[in-house]
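Trainee: Give me coordinates for this.
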Amino acid sequence: MPALQRINKGLPLDAINEAIYKLKNFASGSLLQKNMTFTDYLQNGVPVKFVVKGEERAGLVRQIMPTESGFMLLVENDVMEAKTVLLAMGAARPVLLPGEEEQLGRGVSYCATCDGMFYRGRRIAVLSGSAQGVEESAFLAGLAAELDYYRLKAHDMTGLDARIHPSEEKPRAIARDGEALVLQTDKGEHRYDGIFIFRAAMPLSMLLADLRTEGSYIPVDRGMRTNIPGVFAAGDCTGKPLQVPKAVGEGNIAAISAAEYIAKRG
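Mentor: Numbers count the residues shown, from 1 in each chain. Sure thing, here's the model as predicted:
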């Protein structure tokens with residue numbers, strides 16, 4: 001089982017790369033399928049290449065759930081396990097629609113395969129900030145009686161299922177009217193049984209329950225430990241200054257702390 005799971009996507013890798021470098025002698029296990037080769041470091045001015053036994057997974061981590069032995073991570077539609085988790089997703093945070101968080105689990109969902117079956121034969125909407133929504137909505141189109149597609153941000157919609165109705169209206173807020181969800185747009189209101197939202201990142205409060213935050217940052221101690229045992233954070237997500245040397249140093253410390261944590265637990 002890996003000591004560390006990479007859970008960032010498309011964001012600066014300074015902290016996470018430094019952590020992986022430190023953990024190269026600790027990472028191993030049955031979950032991993034291939035080796036990762038990195039040339040991101042200089043030693044005496046010469047590029048250093050090293051290999052970590054592990055799998056580099058590209059995908060959005062939707063949720064992290066503590067277990068008795070460590071953690072379970074929902075990565076896209078797959079479940080992975082880890083003994084520790086290092087958060088290094090940078091400082092960017094998604095902006096939620098008004099009413100979105102209040103309706104989460106009450107008709108609003110971030111996972112098509114997890115919740116899609118609840119809306120078989122129903123009217124649903126997909127709100128997407130990337131082309132990921134095109135793929136996810138194809139699955140939902142096979143379940144829904146009617147599906148409308150809204151773009152939160154401009155993206156390529158090539159391959160959008162013919163059963164889906166694309167809309168040029170801009171989502172503004174989500175509300176509830178009895179049993180129906182009301183999507184408020186720049187043009188009016190539309191009622192749905194379910195609304196699925198796809199973004200490139202998850203809000204921290206929804207990624208890991210009980211994770212303590214201060215504004216948009218994650219507070220840590222000198223060992224880069226968060227308030228949840230076994231969860232560490234490094235880089236821009238821990239606060240200013242938002243600089244590469246800080247991220248690299250914190251990734252170094254977090255990796256050492258994670259290795260010590262695993263060694264103590266056996």
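Trainee: Could I get the phi/psi values of residue 119?
Mentor: Main-chain torsions, residue 119, degrees, to the nearest 10: phi -120, psi 30.
Trainee: And for residue 254?
Mentor: Main-chain torsions, residue 254, degrees, to the nearest 10: phi -60, psi -40.
Trainee: now swap in residue 73 and tell me
Mentor: Per-residue torsions, residue 73: phi -120, psi 130 (degrees, to the nearest 10).
Trainee: Residue 172 now?
Mentor: Dihedral angles (degrees, to the nearest 10) for residue 172: phi -120, psi -40.
Trainee: got it, and residue 117?
Mentor: The phi/psi pair for residue 117 (degrees, to the nearest 10) is phi -60, psi -20.
Trainee: which regions of the stretch 51-200 of the chain lie under the pLDDT threshold?
Mentor: The stretch 51-200 of the chain contains residues with pLDDT under 70 at 51-58.
Trainee: how about the helices in it?
Mentor: With helices called from DSSP state H, counting those that start in this stretch, the stretch 51-200 of the chain shows them at 100-103, 112-115, 132-141.
Trainee: Ok, which of these comes nearest residue 198?
Mentor: helix 132-141 (4.3 Å; CB to CB). No exception for glycine: its C-beta is placed from N, CA and C like everyone else's.
Trainee: Return the distance of stretch 167-183 from the chain's centre.
Mentor: Distance of stretch 167-183 from the chain centroid (CA atoms, centre = their mean, to the nearest Å) equals 24 Å.
Trainee: quick one: terminal-to-terminal distance for it?
Mentor: End-to-end distance for stretch 167-183, by CA to CA, to the nearest Å: 12 Å.
Trainee: pretty sure residue 144 contacts residue 118?
Mentor: No. Residue 144 is beyond contact range of residue 118, at 10.9 Å (criterion: CB atoms under 8 Å).
Trainee: So which of the two has more stuff around it?
Mentor: Using other CB atoms under 10 Å as the criterion, residue 144 and residue 118 rank with residue 144 on top: 25 against 13.
Trainee: Spatially nearest residue to the more buried one (excluding sequence neighbours)?
Mentor: In space, and not counting its chain neighbours, residue 144 is closest to residue 124: 4.8 Å by CB to CB, 6 or more residues apart in numbering.
Trainee: list the contacts for that neighbour?
Mentor: Residue 124 makes contacts with 140, 144, 146, 147, 148, 192, 193, 194, 195, 196, as judged by CB atoms under 8 Å, 6 or more residues apart in numbering.
Trainee: Tell me the bridge partners for it.
Mentor: When assigned by DSSP bridges, residue 124 has beta-bridge partners residue 147, residue 194.
Trainee: quick one: it and residue 151, what's the gap?
Mentor: Distance from residue 124 to residue 151, counting by CB to CB, to the nearest Å: 16 Å.
Trainee: what about residue 105, how many residues close to it?
Mentor: Residues lying near residue 105 (other CB under 10 Å) number 10.
Trainee: Just list whatever residues bridge to the spatially most central residue of the chain.
Mentor: When CA atoms, centre = their mean is applied to the chain, the residue found nearest the centroid is residue 61 (3.3 Å). For residue 61, the beta-bridge partners under DSSP bridges are residue 75.
Trainee: Next: residue 225.
Mentor: Beta-bridge pairing of residue 225, defined through DSSP bridges, involves residue 232.
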